[in-house]
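[1] pasting a predicted model and its sequence here:
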Amino acid sequence: MKEVVFTMERAYVPPFLFFVQREFGVDTTVNCTVYRLLCRHLGINPDYLSHRIQTIFLNGKPVDDVEVAVVRDGDRLTLSAAMPGLLGAVLRKAGYYAAMRSSISHREEAVNLSGGKGRVYLKLLNLVMGELGYYFLHRGMWVRGRDLHTFLKDYGAGVVEGCSGLTIDGEECDCSLVFPWRYDDHEVWLQVSGSGISSGVSSGVTHSR
């Protein structure tokens with residue numbers, strides 16, 4: 001396992017949103033409803049969930065009721081603000097047109113709210129990506145090694161320029177040394193810290209975790 005923690009100047013953080021629009025893992029309590037996962041365990045404001053997050057996919061299927069759908073270990077959750085056009089209206093949670101996609105909507109077959117720890121994979125789209133992305137980068141996430149390799153290849157110069165500190169597996173390193181590491185397809189713990197990294201999401205997040 002590798003752990004990579006960047007301390008970045010705020011102006012150089014936006015390229016790291018690369019990771020939140022791909023699947024990233026969070027360790028949390030599972031076997032709970034989507035509502036409980038997002039609002040109780042991940043700290044997202046309930047009003048933000050109700051009014052901003054208009055489309056939710058659980059394992060690729062649209063979710064209508066966040067207080068019924070259950071998230072389990074290894075599940076995949078996509079969060080999006082309202083999407084444009086008829087397609088966006090059809091996919092909107094509990095929307096007027098939800099009946100049009102009833103055959104592909106998420107249906108809970110067996111409720112087991114036993115709790116327990118696990119890992120859930122999130123993906124943030126459009127406005128949600130920009131509003132919650134910094135919070136999750138600051139919180140820390142599991143990313144695929146190949147995604148980290150691609151990111152460093154494409155944005156490496158900016159990372160080195162804006163990086164004021166780097167630790168790899170708990171050891172302080174020169175920022176330029178992040179590149180010689182060979183990242184395979186195993187998951188890597190990534191965190192981006194620094195003053196102001198989690199600012200700008202107070203309306204969407206109830207508290208830091």
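    Sure, I can see it.
[2] secondary structure class of residue 78, three-state.
    strand (DSSP: H, G, I helix; E, B strand; the rest coil).
[3] what about the closest residue to it other than its chain neighbours, how many residues close to it?
    The shortest distance from residue 78 to any residue other than its chain neighbours is 4.1 Å, reached at residue 57 (C-beta to C-beta, 6 or more residues apart in numbering). C-beta here means a position set from N, CA and C on the backbone, and glycine is covered the same way. Close neighbours of residue 57, defined as other C-beta atoms under 10 Å, add up to 18.
[4] wait, a strand at residue 57?
    Yes: using three-state DSSP, the secondary structure at residue 57 is a strand.
[5] which residues touch it?
    In this structure, residue 57 makes contact with 63, 76, 77, 78, 106, judged by C-beta atoms under 8 Å, 6 or more residues apart in numbering.
[6] run through the bridge partners of the second one.
    Bridge pairing for residue 76 (DSSP bridges) gives the partners residue 121.
[7] so it sits against residue 63, correct?
    No: when contacts are counted by C-beta atoms under 8 Å, residue 76 is not listed as touching residue 63 (11.8 Å).
[8] between those two, which is the more surrounded one?
    The residue with more neighbours, out of residue 76 and residue 63, is residue 63; 24 against 15, by other C-beta under 10 Å.
[9] strands of this protein, start to end?
    Residue ranges of the strands in the chain, as given by DSSP state E, are 2-8, 24-29, 32-33, 55-58, 61-62, 70-71, 76-80, 117-124, 141-144, 163-168, 171-172, 187-193.
[10] can you name every helix or strand that the third one contacts?
    It refers to strand 32-33. strand 70-71 (3 or more C-beta pairs under 8 Å, 6 or more residues apart in numbering; DSSP states H and E).
[11] tell me the mean pLDDT for the strand it packs on?
    The average pLDDT for strand 70-71 rounds to 94.
[12] show me which parts of stretch 137-150 are buried, residue by residue.
    137, 138, 139, 140, 141, 142, 143, 144, 145, 147, 148, 149 (16 or more other C-beta atoms under 10 Å).
[13] check contacts around residue 117.
    By C-beta under 8 Å, 6+ apart, the neighbours of residue 117 are 27, 28, 29, 30.
[14] pick the one among those residues closest to residue 205.
    Nearest to residue 205 among those: residue 28, at 14.5 Å, using C-beta to C-beta.
[15] quick check: domain ranges of the chain?
    Per automatic domain parsing, the structural domains of the chain span 1-21+125-209, 28-123.
[16] on that earlier part again, identify, from the contacts of residue 117, the entry nearest to residue 115.
    residue 29 (5.7 Å).
[17] what's opposite the closest one in the beta bridge?
    As for beta bridges, residue 29 partners with residue 117 under DSSP bridges.
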